[in-house]
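Asks: No letters, just coordinates:
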């Protein structure tokens, strides 16, 4: 078995829920990557924030990109080499604040990229400011009287934007591994939000105990309106129950399959780099 | 012999197609043609005009006086009659644009068959031919134009077409852009050619995504290029800076318009020299090359790819609307500098990293990385000396030296033909040749010509400690290019 770990010291806080995500991702990858050759079929991208350290802890090629710019970077890797399995990691600041425009457009482009958003509802690495998904009343040094603006619901946003795979899991090793597997079976862009408490700046405020699994409850993931209804159950502010699992799944035309140049590269198992001109 | 024809009308009346086919036929006959476009930021109406200057000798600019004024609407005559020479002709009427093509061909004594052949390649052939024939039969005036000296094969391209040729010959794999005048003509040129030449053009949601995707593609080893104007480039600069630290090669075509802000969208200016030199945060080397005509556009594009790939750096090809949208006739073949693809996918990072691409805060490694980038800069400066970093024209032993860069080249060359002066055109803005200092030191009198408020004078001051006097700065910053006869007068007044 090939080594997916790096020998770098992990600097997440002791007990951070990111460890669960890292383990889930690595468990899935370990099943897919048997040797160094397999590894070359994968590329990972991260943004900037606590989540991004995952780039340093997984021994895969790719780019630790700029804050908010994970998806354009992923798209570039995909069109640069359509044979690559491209996986992206963002935080909620990355995905929903700095890089929001890319998220909406990626749902529309539908490039075959798997995108994980580590949502801890806070800017953690910059020591605790509210993000677009922080609940009303949250206090930090920048909001001494508490935030007053209602959070965004990314699940609804992704459904409205036409995303073909919309899922949410909790930062749990099994859930992450399983949703990764489901996302890889889907041909197209997969949006996976991971509810991930931040031990220091945004601990679990009783979310985990309210979660339940959509698939266990017989949710029809092919039904857009049912998906929207389920998405309404948790508004990221105050909720009684929080659905997890796949809200919606529908295959649509894939971005890179629309270009004959890229189809040709893929069928010949080549990248632009291999073309001698 | 030199004639200037102005084609004017409302947007939508087709002055472009008239000047284009006239230009192409004159070049095929062996003449040298230069034409520039003046158009407003609107789609229908307004006043657009193209000035086409042709000669039996090389011509690279327009002049202020017009021989033939073609008025597709009444407004054109009102706007331009003062520019008409005493012997000039005015062609007006309410007919279709091809009617005027017929008249012009009669006046210039050009074979009608050549026009007919061109019309076959356009839509509405029967209709166009009818109008053209009518014009040809109606027209009674004739100008005896000198026969061309030779019929050597010439290219007739605008700067954008030449950059497209240069990038394809350099092995372009992916071109990304968001529409922004005056860079869009390059996308117009590349998009239809992507299938036959097997590369990819992508139009994405904004300039940040454009350069982000280009950087992502470049990380897999693809040769990637983006194109934009000042405002769009402002949005790109964070990724530009990142490509320097991650050592991912990227070529940026920066086509200037007058600024700041949205500025003047469809007019010309050279106000982005400092933007190009200083774009992006942090200390790193920005390669900035500035072509002045079509051949140089092609050659310097290939040199941008060369340096960018070899040294794994971001590179800027700096142009403007006048270069990108004016048509140049050239007999020369561009010298393309071939480049290898140097990148393989590995761990790239926007953070300072260790040798494995993993983020680091280690003081020793940071220092080492900074010094490696510095060393690379020195190597680039040294290797650049193998290229033509500046060119010298005019009287080589003159003590009057004109200095400029970019798209002002054409008007300067046409302006100084009978003057006692030498012209130094700077192609390599960064790195800047040390030999320029030696050249300038020989001068009794240094004259600056720029389509801005004098940023090259500041650059020369910084690099050579030579100060150009304010009274010796010939500057134009009204969004219009220099005209060679007016520039000739301006230069004459400053010669010693």
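Replies: Thanks, I have the structure now. Quantities reported herein were computed from a predicted structural model and do not represent experimental measurements. Numbering: from 1, shown residues only, chains lettered A, B, ... in the order given.
Asks: mind checking the SS state of the closest residue to chain A within chain B?
Replies: In chain B, the residue that lies nearest chain A is residue B:216 (1.9 Å; CB to the nearest CB). C-beta coordinates here come from the backbone N, C-alpha and C atoms, glycine included. Residue B:216 falls in the helix class when you classify it by DSSP: H, G, I helix; E, B strand; the rest coil.
Asks: can you pull the contacts of it?
Replies: By CB atoms under 8 Å, 6 or more residues apart in numbering or on different chains, the residues touching residue B:216 are A:45, A:63, A:65, A:72-80.
Asks: farthest-separated two in the residues you listed?
Replies: By the measure CB to CB, A:65 and A:79 form the most distant pair in the contacts of residue B:216, at 15.3 Å.
Asks: the more surrounded of those two?
Replies: The residue with more neighbours, out of residue A:65 and residue A:79, is residue A:65; 33 against 30, by other CB atoms under 10 Å in any protein chain shown.
Asks: and the more buried one, how far is that from chain B?
Replies: 6 Å (CB to the nearest CB, to the nearest Å).
Asks: Return the residues in contact with that residue.
Replies: Contacts of residue A:65 (CB under 8 Å, 6+ apart): A:45-48, A:73, B:212, B:215-216, B:242, B:350.
Asks: Model confidence for residue 16, exactly?
Replies: Using chain A here. The per-residue pLDDT reported for residue A:16 equals 97.
Asks: think we crossed wires, I meant chain B
Replies: The model's pLDDT for residue B:16 equals 93.
Asks: Could you look up the SS state of the nearest residue to it once chain neighbours are set aside?
Replies: Leaving aside its sequence neighbours, residue B:16 sits nearest to residue B:50 (CB to CB, 6 or more residues apart in numbering or on different chains; 6.5 Å). At residue B:50, secondary structure determined by three-state DSSP is strand.
Asks: what sits against residue B:50?
Replies: Applying CB under 8 Å, 6+ apart, the residues near residue B:50 are B:6-8, B:15-16, B:18-19, B:35-38.
Asks: now swap in residue B:11 and tell me
Replies: B:39-40, B:42-46, B:48.
Asks: cool, and residue B:233?
Replies: Per CB under 8 Å, 6+ apart, neighbours of residue B:233: B:207, B:252, B:254, B:272, B:275, B:279.
Asks: Surely the second one touches residue B:314?
Replies: Yes - between residue B:252 and residue B:314 there is a contact at 6.6 Å, judged by CB atoms under 8 Å.
Asks: what do the two both touch?
Replies: Joint contacts of residue B:252 and residue B:314 (CB under 8 Å, 6+ apart) are residue B:240.
Asks: how close does the residue positioned nearest the centre of chain B sit to residue A:73?
Replies: Nearest residue to the geometric centre of chain B (CA atoms, centre = their mean): residue B:323, 2.2 Å. Residue B:323 sits 31 Å away from residue A:73, taking CB to CB, to the nearest Å as the criterion.
Asks: same check, this time on residue A:218
Replies: The separation that residue A:218 has from residue A:73, given CB to CB, amounts to 38 Å.
Asks: who has more neighbours, the two?
Replies: residue A:73 (32 against 6).
Asks: which residues touch that one?
Replies: A:45, A:63, A:65-66, A:88, B:212-213, B:215-216.
Asks: Across the sheet, point out what pairs with the residue nearest to the spatial centre of chain A.
Replies: Centroid-nearest residue in chain A, with CA atoms, centre = their mean: residue A:116, separated by 1.1 Å. Beta-bridge pairing for residue A:116 (DSSP bridges): residue A:89, residue A:192.
Asks: Which positions in the stretch 51-200 of chain A make contact with chain B?
Replies: Residues of the stretch 51-200 of chain A lying close to chain B (CB under 8 Å from any CB of the partner chain) are A:53, A:55-56, A:60-66, A:69, A:71-81, A:84, A:101-102, A:105.
Asks: List of residues touching whichever helix or strand residue B:227 is part of?
Replies: Here residue B:227 sits within strand B:224-228, counting by DSSP states H and E. Contact with strand B:224-228 is made by A:76, A:80, B:167, B:172-178, B:180, B:183-184, B:186-187, B:207, B:210-211, B:214-215, B:217-218, B:236, B:249-255, B:305, as judged by CB under 8 Å, 6+ apart.
Asks: how about the closest residue to chain B within chain A, what does it touch?
Replies: In chain A, the residue that lies nearest chain B is residue A:76 (1.9 Å; CB to the nearest CB). Residues near residue A:76 by CB under 8 Å, 6+ apart: B:212-220, B:224.
Asks: Rebuild these as CSV, extending it with pLDDT and distance to residue A:227.
Replies: Putting these into CSV (pLDDT from 0 to 100; distance: CB to CB, whole Å) gives the following:
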residue, pLDDT, distance to residue A:227
B:212, 98, 29
B:213, 98, 29
B:214, 98, 35
B:215, 98, 34
B:216, 98, 30
B:217, 98, 33
B:218, 98, 37
B:219, 98, 35
B:220, 98, 34
B:224, 98, 37
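Asks: Show me which pair in these is furthest apart.
Replies: B:212 and B:220 (13.8 Å).
Asks: When those two are compared, which one has more neighbours?
Replies: residue B:212 (33 against 28).
Asks: Would you agree that one is in contact with residue A:74?
Replies: No - between residue B:212 and residue A:74 there is no contact under CB under 8 Å: 9.1 Å.
Asks: how about the helix or strand hosting residue B:303: buried residues?
Replies: Assessed by DSSP H and E, residue B:303 sits inside helix B:294-311. By neighbour count on 16 or more other CB atoms under 10 Å in any protein chain shown, the buried set for helix B:294-311 is B:294-311.
Asks: Compute the inter-axis angle for that helix and strand B:224-228.
Replies: Relative orientation of helix B:294-311 and strand B:224-228, computed by axes from the mean of the first three to the mean of the last three CA atoms, to 10 degrees: 130 degrees.
Asks: If you count contacts, what does the helix or strand following helix B:294-311 end up packed against?
Replies: Going down the chain from helix B:294-311, the next helix or strand is strand B:314-320, by DSSP H and E. The helices and strands touching strand B:314-320, judged by 3 or more CB pairs under 8 Å, 6 or more residues apart in numbering or on different chains; DSSP states H and E, are helix B:159-169, helix B:230-246, strand B:250-256, helix B:273-278, strand B:287-289, helix B:294-311.
Asks: so the strand holding residue B:227 versus helix B:230-246, what angle?
Replies: 150 degrees.
Asks: Who does strand B:224-228 pair with, and is each partner parallel or antiparallel?
Replies: strand B:174-177 (parallel), strand B:250-256 (parallel).
Asks: Deepest-packed of those strands, please.
Replies: Ranked by mean neighbour count under mean count of other CB atoms under 10 Å in any protein chain shown, the strands paired with strand B:224-228 are led by strand B:250-256, which reaches a mean of 29.
Asks: how far does that one sit from the chain's center?
Replies: Centroid separation between strand B:250-256 and its chain, computed with CA atoms, centre = their mean, to the nearest Å, is 11 Å.
Asks: Please apply the same query to stretch B:367-382.
Replies: Distance, centroid of stretch B:367-382 to centroid of chain: 30 Å (CA atoms, centre = their mean).
Asks: Go ahead and confirm residue B:32 touches residue B:329.
Replies: Yes - contact status for residue B:32 versus residue B:329: in contact at 4.5 Å, counting by CB under 8 Å.
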